[in-house]
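Colleague: Output the structure for:
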Amino acid sequence: MANFASILDASARKSILVTGCDMYSGYQIVVEALKRKGTGFGRVYATFFEENHLVEHLQKLGAECIKLAIADGAETIAKAYSKADVVVVVPAFSDKHWGEGGCVFVSAVAHAGVHGLALCSAIGAEHMEGLQMLAPLRKMEEAFERVKGKVKAASLVRCSLHIDMLWLFRRQIASEHAICLSASPSAKFAPAAGADCARGLCNMIVDPRFEPRTYVLTGPETVDFEAVARCAAGAIDESIHYKQVDRKEMAMYLEKQGEMCTNAIAVVGDTLAAVSKGLLDKQCRDLAELLGKQPMSVGAYLEKNASDFKP
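Modeller: A predicted model of the protein is given here:
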């Protein structure tokens with residue numbers, strides 16, 4: 001099997017397409033890819049279900065944005081994919097038809113003539129039955145196994161919780177001096193910064209040292225939310241503490257902020273439920289290898305972004 005870098009080197013287009021760009025994971029990958037436009041990549045395509053401020057910003061940065069939905073079907077999705085040499089499938093959580101039908105974003109690769117496929121999934125995806133928004137990830141991974149032989153390079157990229165999730169609660173942290181989430185305070189996980197994950201994934205694609213395989217992207221340390229709160233207290237305000245709240249209460253807070261669609265709020269809830277179940281407790285060095293340095297720690301992330309969490 002070839003690697004992604006050799007696919008791009010052999011192509012005049014050097015194009016990449018990323019799905020799910022109306023949510024932060026896809027958005028951050030495209031932002032990182034655009035930084036490499038003209039060097040690592042040529043044209044950069046971003047697909048979305050519903051246009052929002054993230055999509056608008058990507059357009060301003062120079063991404064070519066395409067509206068694409070599960071309901072469009074494999075033929076239409078494959079036609080969009082055919083513009084690219086490499087497709088990065090980020091789950092289309094925002095799609096109103098999200099569910100097992102989301103597999104079409106993976107299976108369409110077989111009919112698109114693309115040469116490289118990276119599927120972004122989650123650590124513990126094989127154990128997420130019962131979590132409505134995350135359970136389809138297992139089916140997407142199964143679809144990946146079926147189609148990976150039809151491309152020259154294929155990687156499965158499993159990610160931990162992004163510590164950037166705290167940014168969604170920045171106003172609450174600033175006003176109440178509390179991190180109020182629905183996860184167990186003592187459940188362990190190894191959070192990574194979304195920008196580090198995006199940078200690592202793009203390095204995997206453009207750097208010939210990295211071969212196609214399964215990558216597990218986590219932060220450099222295993223923590224719990226009580227430890228996160230202690231880091232926040234040290235970086236932002238010493239009175240900050242962790243408070244476990246009902247999932248419904250947390251969802252109501254996010255709804256009032258008006259920054260997220262209903263599906264996105266449900267993804268946050270299910271992700272925190274997965275943390276509480278111990279499904280995201282794995283820690284791995286893959287991201288450090290892709291970055292060539294240690295990923296950002298929780299403490300470093302909060303210190304760097306402290307102003308976002310202050311009144």
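Colleague: contacts, neighbours, all on C-alpha from now
Modeller: Will do.
Colleague: how about the helices in this protein?
Modeller: Ranges of helices in the chain, per DSSP state H, are 4-9, 24-35, 53-61, 73-81, 104-107, 136-147, 170-176, 194-206, 225-235, 247-257, 262-276, 286-291, 298-304.
Colleague: can you put those helices in CSV and add mean neighbour count, mean pLDDT and distance to residue 113?
Modeller: Below are the helices of the chain laid out as CSV (neighbours: other CA atoms under 10 Å; pLDDT from 0 to 100; distance: least, CA to CA, whole Å):
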stretch, mean neighbour count, mean pLDDT, distance to residue 113
helix 4-9, 20, 97, 13
helix 24-35, 22, 97, 21
helix 53-61, 15, 97, 25
helix 73-81, 19, 98, 8
helix 104-107, 24, 98, 12
helix 136-147, 19, 97, 12
helix 170-176, 17, 94, 43
helix 194-206, 23, 98, 18
helix 225-235, 21, 97, 44
helix 247-257, 14, 96, 40
helix 262-276, 20, 96, 31
helix 286-291, 20, 98, 27
helix 298-304, 18, 96, 40
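Colleague: Would you format those as a markdown table with distance to residue 125 included?
Modeller: A markdown table is the format used below for these (distance: least, CA to CA, whole Å):
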| stretch | distance to residue 125 |
| --- | --- |
| helix 4-9 | 24 |
| helix 24-35 | 17 |
| helix 53-61 | 26 |
| helix 73-81 | 23 |
| helix 104-107 | 16 |
| helix 136-147 | 5 |
| helix 170-176 | 28 |
| helix 194-206 | 18 |
| helix 225-235 | 21 |
| helix 247-257 | 21 |
| helix 262-276 | 9 |
| helix 286-291 | 18 |
| helix 298-304 | 23 |
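Colleague: Compare these and give me the one nearest residue 214.
Modeller: With CA to CA as the criterion, residue 214 lies closest to helix 286-291 of those, at 9.5 Å.
Colleague: Only C-alpha atoms, please: export that closest one in PDB.
Modeller: Below are the C-alpha coordinates for helix 286-291, written out as PDB (Å, rounded to 0.1, in the frame of the first residue of the first chain):
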ATOM      1  CA  ASP A 286       0.700   8.400  18.200                       C
ATOM      2  CA  LEU A 287      -0.100  12.100  18.300                       C
ATOM      3  CA  ALA A 288       3.300  12.900  19.800                       C
ATOM      4  CA  GLU A 289       4.900  10.900  16.900                       C
ATOM      5  CA  LEU A 290       2.800  12.700  14.300                       C
ATOM      6  CA  LEU A 291       3.600  16.100  15.800                       C
END
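Colleague: still on that earlier bit, to residue 115, which of the helices of the chain lies closest?
Modeller: That would be helix 4-9 among these, by CA to CA, at 6.9 Å.
Colleague: can you list the domains in this structure?
Modeller: Following automatic domain parsing, one gets these domains for the chain: 4-159+193-216, 163-188+220-282+292-309.
Colleague: First-to-last residue distance for the longest one?
Modeller: Looking at domain 4-159+193-216, the gap from its leading to its trailing residue is 18 Å under the measure CA to CA, to the nearest Å.
Colleague: next one: the shortest one
Modeller: Between the opening and closing residues of domain 163-188+220-282+292-309 there is a gap of 13 Å (CA to CA).
Colleague: do stretch 79-99 as well
Modeller: 22 Å.
Colleague: Indicate which one of the helices of the chain is closest to residue 218.
Modeller: The closest of the helices of the chain to residue 218 is helix 286-291. By CA to CA, the value is 6.4 Å.
Colleague: contacting residues around that closest one?
Modeller: Under the contact criterion CA atoms under 8 Å, 6 or more residues apart in numbering, helix 286-291 has outside partners 196-197, 199-201, 203-204, 210, 215-220, 294-295.
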